[in-house]
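S.K.: Give me coordinates for this.
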Amino acid sequence: MDLRRRLVVYLGALLGGLLVMAILINLNSLRGDIQAEIGASERLVGVLLDAAQAPLTQPEELKAKLANAGLRHLTISFDTPPTPADAGPLARLLGIAPSTEAPQTLRLGEHMFYIAPNPRSEIDERLGDTVRLCITLLLFFGATLLVAWWAADRALSPVRELEAGLQRLAAGETDAALPAFALREFRRVASAIDALAAALSTSRAAQQQLARQLISVQEEERRTLARELHDEMGQTLTAIGVTAAFLKRNATRLDAQRVTECAEDLRRDVRTSGEQLRAMLKRLRPHGLDALGLASALRELVASWQQRESGIDFRLEIPTQLPELSETAALVLYRVVQEALTNVVRHSGARHCRIGIKLATGELTLSVEDDGKGLPDAGPARRGGLLGMEERLDMAGGSLTIESEMPTGGLHLQARLPLTREQQQEEQS
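M.R.: Predicted coordinates for the structure are as follows:
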């Protein structure tokens, strides 16, 4: 049952009950009015019969009977014309004027009966009916408010469960632990919250995996840097130290030719050390990634992979002029290409790889396509390097799409980076 149907059922039951109550109240009021009318008529007939049959030798007794008869709508007086009856303040409020006609007369023997209309009883009867109707409406109004409040409170009570479930998710729990709801609307909301919890759990797991991947990459980079410093620069610096020590020990005995050779050795070793240092710094963070520097850095990156004899033919296609990117966007683009090429070499088993950059309205599109094995059967899950690329692009306002099922096989990775207004103007110019 949905919320609308439940509210309609509750309010319909209330209205039906109140309608039955109003009918019973009106029937009871009608019964009392009919009984009052019949009793008054019977008393009037009895008084008239007593007056017709009695010798009327006791007029005071007959007057007492008329006074206590409890007649309705009529005033009957004996031997004395009645005074005009006061209909009361309600009649004056409604504009009902007292009757100005002369009372009707009825002679019985030597005595005269005066009969005049009296609207007071009818007004009192209508006033009582009006009061009962107002009381019924007040009861109806109050009961409607109470039932509407109760129905809404009962129908919306699952909102507290939904709020508690969202608070549990915000506190870091993986499950909202929502109960089974009877109403269809809340079942849909609970289903959406469960889907949100699943997505949030997946996102947290991916975040933890990315953090572990980041730590692993940092440690691997440190080990690589330490090994290169020890194996390459360490040896070069050792050679420089040995040559310098040799010059120090034999400075007075060496001829000019020998000193010149030692100087050349020192110069060569210093130059080699500088080249090794620049290579390490470039690998850690490329320098000068502006429009011209980015294109040059990408060409050098692709060329370095081509020179490693990995068995893959790399081809780079970029525009003749790239727009001026921010340092963050240029670094993100460079790192995405770097990670994509690393994945191609390590996992794809491809023979050809094409890297292309295109400029469209408002965005720069990077495409890396290979003819290798593609993604495993588990599907294009964002993990490891793919997750890192997606996170980098997301920080720069970009997006990543992956297409694994292609006619030629392999994997097609496409990254989009938005261009600022100044970059778009530069692109159009």
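
S.K.: For the residue nearest to residue 412 when sequence neighbours are not counted, give me its contacts.
M.R.: Once flanking residues are discounted, residue 412 sits nearest to residue 403: 4.2 Å by Cβ to Cβ, 6 or more residues apart in numbering. C-beta here means a position set from N, CA and C on the backbone, and glycine is covered the same way. Going by Cβ atoms under 8 Å, 6 or more residues apart in numbering, residue 403 touches 411-412, 414.

S.K.: Which of those ranks first by neighbour count?
M.R.: residue 411 (26 neighbours; other Cβ atoms under 10 Å).

S.K.: Would you agree it is in contact with residue 402?
M.R.: Yes: when contacts are counted by Cβ atoms under 8 Å, residue 411 is listed as touching residue 402 (6.9 Å).

S.K.: any common contacting residues for the two?
M.R.: With Cβ under 8 Å, 6+ apart, residue 411 and residue 402 have common neighbours residue 375.

S.K.: Can you classify residue 332 by secondary structure?
M.R.: Of the three states, residue 332 takes helix under DSSP: H, G, I helix; E, B strand; the rest coil.

S.K.: from here on, count from 13
M.R.: Understood, numbering begins at 13; the last thing we discussed is residue 344.

S.K.: quick check, residue 385 in a helix?
M.R.: No: counting by three-state DSSP, residue 385 is not found in a helix; it is coil.

S.K.: right, and residue 427 touches residue 412 too?
M.R.: Yes: using Cβ under 8 Å, residue 427 makes contact with residue 412 at a distance of 5.3 Å.

S.K.: residues shared between the contacts of the two?
M.R.: 401, 405.

S.K.: ok, these two, which is more surrounded?
M.R.: Taking neighbours as other Cβ under 10 Å, residue 427 and residue 412 compare with residue 427 leading, 25 against 19.

S.K.: Next, the residue nearest to residue 424: phi, psi?
M.R.: Backbone dihedrals for residue 415, given as degrees, to the nearest 10, come out at phi -120, psi 120.

S.K.: Distance check, it against residue 425.
M.R.: Remark: distance between residue 415 and residue 425 (Cβ to Cβ, to the nearest Å) = 8 Å.

S.K.: Please apply the same query to residue 285.
M.R.: Separation of residue 285 from residue 425 (Cβ to Cβ) stands at 38 Å.

S.K.: Who has more neighbours out of those two?
M.R.: residue 425 (24 against 18).

S.K.: Excluding chain neighbours, what is closest to the more buried one?
M.R.: Per Cβ to Cβ, 6+ apart, closest to residue 425 is residue 380, 4.5 Å.

S.K.: residues contacting that neighbour?
M.R.: 349, 352-353, 356, 365-367, 424-426.

S.K.: Kindly recompute the last result at 7 Å.
M.R.: Listed by Cβ atoms under 7 Å, 6 or more residues apart in numbering, the contact partners of residue 380 are 352, 367, 425.

S.K.: quick one: contacts of the host helix or strand of residue 309?
M.R.: In this structure, residue 309 sits in helix 303-319 according to DSSP states H and E. Contact with helix 303-319 is made by 298, 301, 326, 328, 330, 333-337, 342, 345-346, 349-350, 353, 357, 367, as judged by Cβ under 7 Å, 6+ apart.
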